[in-house]
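**Student:** Sequence plus predicted model, see below.
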Amino acid sequence: MDTQRTWIPAWLIAFLGFPPGGALALALIGKMETPLEGILGGAAAGLVIGAAQTLALRRLWPQLNWRWALATAGGLAAGVGLGVAVFGAETTLNATLMRAPIAGLAVGVAQWLVLRDVVRQAHWWIPALSVIYVVSWYITALVIGDSLNEGFVIFGASGAIVHQAITGVLLWLMLRETARAKSQTSAS
């Protein structure tokens, strides 16, 4: 149980992976305007974000290795690229919030493929990320205002803090359920 507590601060601090991930994507593609730029920018940002999260999770689940980072990169690439293909690259708040659940869904599915090996109820990760991405983008839009027009592929630090806090609670609940199920199985 001690290991379960030590990952929480690291998970929260992993929000620091979002700004450099977004900056790398911006340096690589500039303002996101096409699905291909969404894919490339999403992959770059996702790799940095996933690496920060992997560092936070490795004490808890050393068997994840770098699968989490690769899943995050692939999911964000697919989600941002698809979101731009479906809804365009317009930088209004409404357009950004329309693309957000697609990115969250794709990242959720990709990370679920890794998470399902270590926790029960991992399927909740998919719909949760779809909603959390919308909330995180909305928070970021409130903070950055007109800078939203720069065509970012991922939300900023303000949204990332919210993302990490909410997903941290969700991970904690899934861990608790997994531990409870294991103790019931071993008691039987």
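**Tutor:** Yep, that arrived.

**Student:** Pull the contacting residues for the spatially most central residue of the chain.
**Tutor:** By CA atoms, centre = their mean, the chain has its centre lying nearest to Val107, at 6.1 Å. By CB atoms under 8 Å, 6 or more residues apart in numbering, the contact set of Val107 is Gly46, Thr72, Gly75, Leu76, Gly79, Leu129, Tyr133. (C-beta placed from N, C-alpha, C; glycine too.)

**Student:** Residues contacting the helix or strand containing the fifth one, please?
**Tutor:** Taking DSSP states H and E as the definition, Gly79 sits inside helix 67-87. Under the criterion CB under 8 Å, 6+ apart, residues 32, 34-47, 49-51, 53-54, 57, 95, 98-100, 102-111, 113-114, 153-154 lie in contact with helix 67-87.

**Student:** from the middle of its chain, how far away would that helix be?
**Tutor:** Relative to its chain's centre, helix 67-87 lies at 10 Å (CA atoms, centre = their mean, to the nearest Å).

**Student:** Which strands or helices does the longest helix belonging to the chain pack on?
**Tutor:** Counting by DSSP state H, the longest helix found in the chain is helix 157-187. Judged by 3 or more CB pairs under 8 Å, 6 or more residues apart in numbering; DSSP states H and E, the packing partners of helix 157-187 are helix 2-13, helix 18-29, helix 125-144.

**Student:** Show me what the mean pLDDT comes to for that helix.
**Tutor:** Mean pLDDT, computed over helix 157-187, is 87.

**Student:** Hey, what's the angle from the helix holding Gly79 to helix 125-144? Just curious.
**Tutor:** Counting by axes from the mean of the first three to the mean of the last three CA atoms, to 10 degrees, helix 67-87 lies at 70 degrees to helix 125-144.

**Student:** Give me the buried positions along the helix or strand that helix 67-87 is followed by.
**Tutor:** Per DSSP H and E, the first helix or strand lying C-terminal to helix 67-87 is helix 93-115. Burial within helix 93-115, assessed by neighbour count using 16 or more other CB atoms under 10 Å, is assigned to 95-112, 114-115.

**Student:** same check, this time on stretch 122-138
**Tutor:** Going by 16+ other CB under 10 Å, stretch 122-138 has these buried residues: 122, 124-126, 128-130, 132-138.

**Student:** Pull the distance from stretch 149-160 to the chain's centre.
**Tutor:** Distance, centroid of stretch 149-160 to centroid of chain: 12 Å (CA atoms, centre = their mean).

**Student:** List of residues touching that stretch?
**Tutor:** 15-19, 21-22, 25-26, 29-33, 38, 41-42, 45-46, 49, 76, 80, 89, 91, 133, 135-140, 142-144, 163.

**Student:** Would you mind listing which of those are buried?
**Tutor:** Buried members of these, scored by 16+ other CB under 10 Å, are 15-19, 21-22, 25-26, 29, 32, 38, 41-42, 45-46, 49, 76, 80, 89, 91, 133, 135-140, 144, 163.
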